[in-house]
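> One predicted model, sequence on top.
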Amino acid sequence: MVIINSNNSSATSARVLGESTQALQKSLARLSSGSKLNTASDDAAGAAVSLKLDSQISRLNAAKSNVSNGISFTQAQDGYLKKVGTALERMGELSILAQDSTKSTADLALYDKEFQKLSTFIGGASQNGTGGIATKTFNGVNLFSNGSAAINITQDEDGTAYGMSAIDFTAAVWTNVLGGDLQTAAQAAISDGEIDLAIAQLASDRASVGADQAVLQNISSTMSVLKDNLGAANSRIKDVDVAEESANFARQNILVQSGTAMLAQANALPQSALRLIG
């Protein structure tokens, strides 16, 4: 049947061409962006899940950065505590030397002078105006609690905190040893005993710092594994398979070209009616 008012072939060809063109545009967007989720309509459920995974990964990265800072914090603590140990060792030597009855009062005064300098090096204000090791900070935060609250480090994407051990140089064991002197042999003997207690406390403090550092390193490693797994899961949802999408792009491109040709042919069919009229 030859008709003029209706051209069903043209309408069908135009509809199919529109669908092929839309599919081609979607394929082109996926290949150019590398993502299957350029709009929520591409995969509504997948887009929602991917959004949550992206947020979790971002917060996990932030928590991992906090843990890395915490590790650096403990490394700084341990470095200073090692120097405290060296100072205590020398103070112990001096206290033994000062207990020698062959030493004069002048000799004891010289020993005490170095002893006091080392005490200041550990916990007091030095002559140049800078504080001792007990007052040192890390990015403006006290390395040693000195009676204040312990440092908390965010250890996961939910904001859970890990509390690091507090090291308090205002505790009695430290005030006793730092307040000692070597003015007399008797006082040197007392100071020697206090130094033994301080060394024991220092050993405990360094063990605590080392334990904190080990835990934080394990937390960091665990978060790295979790981040990798979350990233892989997110990739399966939103990343495009380039090989597969390239094949689809070629297919849609051919359909658009053939659809365009067939639409031209369909539009030409009613012209045959003119021959009948003419």
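Yep, that arrived.

> mind checking how far the nearest residue to F169 once chain neighbours are set aside is from D168?
With C-beta to C-beta, 6 or more residues apart in numbering as the criterion, F169 has its nearest non-adjacent residue at 3.6 Å, and that residue is A134. Bear in mind the C-beta positions are built from the backbone N, C-alpha and C, glycine included. Using C-beta to C-beta, to the nearest Å, we find A134 at a distance of 9 Å from D168.

> neighbour count winner among these two?
Using other C-beta atoms under 10 Å as the criterion, A134 and D168 rank with A134 on top: 21 against 17.

> Would you agree that one is in contact with T120?
No: counting by C-beta atoms under 8 Å, A134 does not reach T120; the two are 10.3 Å apart.

> Confirm N5 sits in a helix?
No: counting by DSSP: H, G, I helix; E, B strand; the rest coil, N5 is not part of a helix but coil.

> does T74 sit in a helix or strand, and which one?
helix 44-97 (DSSP states H and E).

> cool, and S101?
Here S101, judged by DSSP H and E, is contained in no helix and no strand.

> what number of residues lie near it?
For S101, the neighbour count with other C-beta under 10 Å is 5.

> just K113 next, same as before
Neighbour number of K113 under other C-beta under 10 Å is 12.

> domains of the chain?
As given by automatic domain parsing, the domain ranges for the chain are 8-34+240-269, 69-220.

> So for the residue nearest to F169, what's the pLDDT?
As predicted, A134 sits at a pLDDT of 91.

> Look up how far Q77 lies from it.
On the measure of C-beta to C-beta, A134 and Q77 end up 11 Å apart.

> who touches both of the two?
Overlap of the contact sets of A134 and Q77 (by C-beta atoms under 8 Å, 6 or more residues apart in numbering) consists of F144.

> What ranges does this structure have for its strands?
Ranges of strands in the chain, per DSSP state E, are 137-138, 141-142, 152-154, 161-163.

> Deepest-packed of those strands, please.
Highest mean neighbour count among the strands of the chain (mean count of other C-beta atoms under 10 Å): strand 152-154, with a mean of 18.

> Check what contacts that one and list those residues.
62-63, 66-67, 69-70, 73, 160-164, 216.

> what mean pLDDT does it have?
Mean predicted lDDT for strand 152-154 stands at 89.

> Okay, now the sheet partners of that strand, with direction.
Strand 152-154 has its sheet partners listed here by DSSP bridges as strand 161-163 (antiparallel).

> Where does pLDDT dip in the stretch 101-250 of the chain?
For the stretch 101-250 of the chain, applying pLDDT under 70 flags the ranges 124-130, 146-147, 149.

> got the contact list for stretch 196-207?
Against stretch 196-207 from outside (C-beta under 8 Å, 6+ apart): 78, 81-82, 84-85, 88-89, 92, 165, 167, 171, 173-174, 176-177.

> Okay, buried residues for it please.
A198, I199, Q201, L202, D205, R206 (16 or more other C-beta atoms under 10 Å).

> do stretch 205-222 as well
Applying a neighbour-count criterion of 16+ other C-beta under 10 Å, one finds D205, R206, S208, V209, D212, Q213, V215, L216, I219, S220 buried in stretch 205-222.

> Going along the chain, name the helices of this structure.
In the chain, helices defined by DSSP state H lie at 8-33, 44-97, 105-123, 172-178, 185-238, 242-268, 272-277, listed in chain order.

> Present these as TSV; the columns should include distance to N152.
Below are the helices of the chain laid out as TSV (distance: least, C-beta to C-beta, whole Å):
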stretch	distance to N152
helix 8-33	40
helix 44-97	9
helix 105-123	25
helix 172-178	24
helix 185-238	11
helix 242-268	45
helix 272-277	85
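
> and the gap between L97 and V177?
According to C-beta to C-beta, L97 stands 17 Å off from V177.

> Over to G159?
G159 is 40 Å from V177, by C-beta to C-beta.

> same check, this time on L24
Distance of L24 to V177, given as C-beta to C-beta: 80 Å.
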